[in-house]
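# Here is a sequence together with a model predicted from it:
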Amino acid sequence: MPESFERSTLASMGELSHSDTVRHLRKLSHLLDNAIPIPGTRYRLGLDPILGLIPGGGDVAGAVLSAYIIYRSAQMGMPAKSLGRMASNVLIEMLVGTIPVIGDFFDVGWKANVRNVQLLEEHVGSDRSAKAADKRLVFAIVAGIVLVAIGLAVVMLIILRLIFQLIGLG
């Protein structure tokens, strides 16, 4: 991604400081993973597992929001190893999340976005001596997450179509 793209992206976001960006991403991860308390328990869930219940597009929407957290973290200079861990968190959540029922419970407990913002906070709080990831790697990670999510959504839609055909509704 050209440097001018990076500058225009930051300008459109009001040129947030690192602390403002971390605060923004923390709020987003809370909304996605912890916004809704489950009455009578100490557990919380967010919009991500709820979006995952929507066949097809729900997982894609959740993946795009998770990829945004990774993208913004990369803009803040996260090293490749940390971005790889962030991508792994999201991919694990997506792949296990496709298993009916078990995946839904896993999605509630795994909280990839909260994990990823914690990794970002550790990076911001460290001496940041690690080299920032290459822009091509960042693009590959974000694009890979979105493509996997789209692929999973297509597979789920095909399965739903086959089920409807088998029961005579399609």
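Received the coordinates, thanks. Numbers count the residues shown, from 1 in each chain.
# Return the set of buried residues in stretch 102-122.
103-104, 106-108, 110-117, 119-120 (16 or more other Cβ atoms under 10 Å). Just so you know, the C-beta spots here come from the backbone N, C-alpha and C atoms, and that holds for glycine as well.
# For this protein, which segments count as strands?
Using DSSP state E, the strands assigned to the chain run over residues 36-37, 44-45.
# and the first one, what does it pack onto?
Strand 36-37 sits against strand 44-45, with contacts defined as 3 or more Cβ pairs under 8 Å, 6 or more residues apart in numbering; DSSP states H and E.
# and the strand it packs on, which strands flank it?
Partners of strand 44-45 in the sheet, by DSSP bridges, are strand 36-37 (antiparallel).
# now this structure, which segments are flagged as low pLDDT?
Scanning the chain with the threshold set as pLDDT under 70 gives 1-16, 56, 127-129, 170.
# longest helix of it?
helix 135-166 (DSSP state H).
# Report the distance from that helix to the chain centre.
14 Å (Cα atoms, centre = their mean, to the nearest Å).
# So which elements touch it?
helix 57-75, helix 80-97.
# Buried deepest among those helices, which one?
helix 57-75 (a mean of 21; mean count of other Cβ atoms under 10 Å).
# residues contacting Gly46?
Gly46 makes contacts with His30, Leu31, Leu32, Asp33, Asn34, Ala35, Ile36, Lys111, Asn113, as judged by Cβ atoms under 8 Å, 6 or more residues apart in numbering.
# actually Ser66, not the one I typed
Applying Cβ under 8 Å, 6+ apart, the residues near Ser66 are Leu32, Asp48, Val90, Glu93, Ala112, Asn113, Asn116, Ile145.
# just to revisit the earlier point, could I get the helices and strands packed on helix 135-166 in JSON lines, plus columns for distance to Lys135?
Converted to JSON lines, these look like this (distance: least, Cβ to Cβ, whole Å):
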{"stretch": "helix 57-75", "distance to Lys135": "8"}
{"stretch": "helix 80-97", "distance to Lys135": "11"}
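# so which of these gets nearest Val154?
Between Val154 and these, the shortest separation by Cβ to Cβ is 9.6 Å, and it involves helix 57-75.
# Centre-most residue in this protein?
The C-alpha lying nearest the average C-alpha coordinate of the chain belongs to Ser66 (Cα atoms, centre = their mean; 1.6 Å).
# now, which of the contacts of Gly46 sits nearest Pro79?
Closest to Pro79, out of all of the contacts of Gly46 and judged by Cβ to Cβ, is Asn113, at 19.4 Å.
# if we can go back for a sec, now the longest helix of the chain against helix 57-75, angle please.
170 degrees (axes from the mean of the first three to the mean of the last three Cα atoms, to 10 degrees).
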